[in-house]
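Colleague: One predicted model, sequence on top.
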Amino acid sequence: MSGSSCDIVITGGLIITSRAVVPGNIVIADEKVVAIAPVAEMPSARRTISAQGKIIFPGIVDAHLHPVYSDRIATLSRAAAAGGVTTLIPYIGAFKAWGGAGDLRAALDQFIEEGETTSLLDFAVHLSLNRDDLPHMAAIMDHAAERGVRSYKLFTAYKKRGMQLDDPEILAVMNEVIRVGGLLAAHCENGAIIEYLENRALAEGRTGPEHFAATHPDLSEAEALFRFLCLGRMAGCPLYLPHLSTRQSLDVLDLARSWAGPRIFAETCPHYLDLTDELMTVWGSRAKVTPPLRSPEHADFLWAALADGRLDVVGSDHAGHASAAKEPHFGDVFASPTGIPGGDLLLRVMYDRGVARGRLTLPHLARLLCENPARIFGLWPGKGSLDPGANADLVIWDPAAETHINGPAPVLKTDYTLYQGQTLVGRPDLVMRRGRVIAENGAVDDTQGPARYLPAAFGHWPER
C-alpha cells in the first residue's frame, strides 16, 4: 500500500463499522473506499486529512423524510449534510398537502429531476400512495419499478384527506408490491378511532394543543399495526414499519415476528426517543406530529428495543413547516398541519442521547443509521459502510465537542427547532460524499458536483 497513490488518505481516526471500532487509515480513490490500511502504512495521496482523536462514521442514510413543505430537497439536503447525512430516502406522493396532485408517475419523475438538479446529497425514493392512485395501481407500480423504486407506503388513517385505505385495498396494494418485488410500509393508526376522538374533542371545545395526543392514543397505533401485519402475513408481503412510538406497538411487533412469514423491519425516530407530549404546552401546534409525541415511559421501551435489535432503523421523519403555517399555535390544533423538523440533527441527537449516555455502542449506532437503512432499501453495498468498494461517504466526528442549539440550521426555511437551547455532545467536523468534502466545520460546500439518484436493488437485507 505504501508504494501506491490515491486521491485522499484519512489518517489517525477510529473507524466505526457495524461490528467493531478499528484504528486505521481510509484510502480513497475514484469516489470509493479503496482500503482500510493499517496505521503504520501511508500511501501517497493528493490530500491527507488528519482525524486524530476523532471518530469516522459511514455517511448517515436518513431513510425517512418529507422534503415537500417549507423545505424542499435543495435546502434540506444542505442542512442534513452539515449534520453528517450523506444519503436521503424521502417519501414522495401526489398529495395536495404535500404540494402536488394528479398523476403519481409524473410526481415521481418531477421529484427525481428536482433532486438531480438541486440536491447536494445522493438520494433514493419511497413512493407514497393514496386513494386516487388505486385505479392506476398496476401502471404506477410498473413505472416506479422501471425508475428503480422498490419501497412503497400507504396510510391506515386520514380518510378526510383521501389517504386512508381499507383492508381490501391494502391487500390489493400488497399483491402489486409483491409482483414488482418491493417492500411496503404503512403509517399505522386506526382512522376510525382518530376521527371519533377528534370529532368529540371539537364538539366539546377541546381544541388546544394539550388535547391533541389524546385523539391519537397508543392503542390506535397498535391496533392498526396488528391489522397491517396480519394482512402482510396473509399476502406474503415484506413490510416496513415507520415511526413506531409506543410500548404496545413493540408488543405487536414481537408477536408478529414470532410467526413464520415475510420479513418485517421496524423504525423509530429521535423525537419518540427523546421528546414528550409536554412540549405541546410549550411549542403549541409547532410540536404537532403524527403519531404524536408520547409520555416518557414509551421512550424507555423504545430505547430497549433499539438496544436489543428489535428496531432496525432510526429515521428523522423531518417534515418542517414555517411557524406561520403552524398558526394558530395555541388555538385550533386540529387545523394545523402535522410534522416537525429534525433532519439536520439526526446524528447529533442519536449520538448524544444514545452513545454518550451509554444506551448504544458506536457500532450499533452505525447499524441503525447507516448499514441497516442501506441494506433494507436496496442501496448496499454502495452506501452504508466503509468497506472497500463502497462509496466514500463518511463523517469525521469530534466526540469531545459540544453543539449548543441556538436555532434551526441557517439554510433551512423552517424557522424553529424543538431542540432550541439544548446542548448536544459531539459534532461533525467534516462530511464527505463520494470522496468530495461537502461540509467542513459546519460550512457547506455547494461546488462539489451534482447529486445522484440511486435506483434500489434488493438482495442484501440484514440478517435477524
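Modeller: Noted; the coordinates are in hand.
Colleague: Residue 128 and residue 149 touch, don't they?
Modeller: No: between residue 128 and residue 149 there is no contact under CB atoms under 8 Å: 10.8 Å. In this view, the C-beta of every residue, glycine as well, is placed from N, C-alpha and C.
Colleague: Okay, now the unreliable bits of the stretch 201-350 of the chain?
Modeller: Judged against pLDDT under 70, the stretch 201-350 of the chain has no low-scoring part.
Colleague: quick one: the strands in it?
Modeller: For the stretch 201-350 of the chain, strands defined by DSSP state E, counting those that start in this stretch occupy the ranges 239-241, 264-268, 313-314.
Colleague: do the same with the stretch 351-464 of the chain
Modeller: 394-404, 423-433, 436-440, 443-444.
Colleague: tell me which element residue 13 is part of?
Modeller: strand 5-16 (DSSP states H and E).
Colleague: quick one on the thing from earlier: which among the strands of the stretch 351-464 of the chain is found nearest to residue 272?
Modeller: Nearest of the strands of the stretch 351-464 of the chain to residue 272, taken as CB to CB: strand 423-433 at 17.4 Å.
Colleague: Could you verify that residue 192 is part of a helix?
Modeller: Yes: according to DSSP: H, G, I helix; E, B strand; the rest coil, residue 192 belongs to a helix.
Colleague: what's the neighbour count on it?
Modeller: 14 (other CB atoms under 10 Å).
Colleague: try residue 199
Modeller: Residues lying near residue 199 (other CB under 10 Å) number 12.
Colleague: That one in helix, strand or coil?
Modeller: helix.
Colleague: is it true that residue 275 touches residue 418?
Modeller: Yes: using CB under 8 Å, residue 275 is in contact with residue 418, at 6.0 Å.
Colleague: can you list residues touching both of the two?
Modeller: Listed as contacting both residue 275 and residue 418 by CB atoms under 8 Å, 6 or more residues apart in numbering are residue 287.
Colleague: Skip the chain neighbours and tell me the closest residue to residue 47.
Modeller: Computed as CB to CB, 6 or more residues apart in numbering, the closest residue to residue 47 that is not its neighbour in sequence is residue 8, at 5.0 Å.
Colleague: Check the closest residue to residue 182 other than its chain neighbours and give its pLDDT.
Modeller: Take residue 182 and drop its neighbours on the chain: the residue closest to it by CB to CB, 6+ apart is residue 150, 4.8 Å away. Looking at residue 150, its pLDDT is 96.
Colleague: And residue 44, by the same measure?
Modeller: pLDDT, residue 44: 79.
Colleague: Longest helix of this protein, counting residues only.
Modeller: Ranked by residue count and defined by DSSP state H, the top helix of the chain is helix 218-235.
Colleague: So residue 247 sits against residue 221, correct?
Modeller: No: the pair residue 247 / residue 221 is not scored as a contact, 10.3 Å apart, by CB under 8 Å.
Colleague: Pick out whichever of the two has more residues nearby.
Modeller: Applying other CB under 10 Å to residue 247 and residue 221 shows that residue 221 carries more neighbours, namely 28 against 18.
Colleague: dump the residue contacts of that one.
Modeller: 188, 189, 190, 244, 245, 246, 248, 249, 291.
Colleague: Now render the residues you listed as TSV, adding distance to residue 170 and neighbour count.
Modeller: Compiled in TSV, the contacts of residue 221 are given as follows (distance: CB to CB, whole Å; neighbours: other CB atoms under 10 Å):
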residue	distance to residue 170	neighbour count
188	11	26
189	14	24
190	13	23
244	18	27
245	21	26
246	21	24
248	21	20
249	18	28
291	19	25
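Colleague: Widest-spaced pair of those?
Modeller: By the measure CB to CB, 190 and 244 form the most distant pair in these, at 14.8 Å.
Colleague: Poorly predicted segments of the stretch 51-200 of the chain, please.
Modeller: In the predicted model, the stretch 51-200 of the chain carries pLDDT under 70 at residues 97-101.
Colleague: Swap in 80 and give it another go.
Modeller: Residues of the stretch 51-200 of the chain that meet the criterion pLDDT under 80 lie in 95-102.
Colleague: Show me where the stretch 1-150 of the chain has its helices.
Modeller: In chain order, the stretch 1-150 of the chain shows helices spanning 73-82, 104-118, 137-146, with DSSP state H, counting those that start in this stretch as the criterion.
Colleague: Between the ones you listed, which one is closest to residue 358.
Modeller: For the helices of the stretch 1-150 of the chain, the distance to residue 358 is smallest for helix 73-82, at 26.5 Å, taking CB to CB.
Colleague: Now do the closest one: which elements does it pack against?
Modeller: Judged by 3 or more CB pairs under 8 Å, 6 or more residues apart in numbering; DSSP states H and E, the packing partners of helix 73-82 are strand 85-88, helix 104-118, strand 423-433, strand 436-440, strand 443-444.
Colleague: ok, how many other residues are close to residue 363?
Modeller: 16.
Colleague: So it is in contact with residue 14, correct?
Modeller: No: counting by CB under 8 Å, residue 363 sits too far from residue 14 to count as a contact (11.1 Å).
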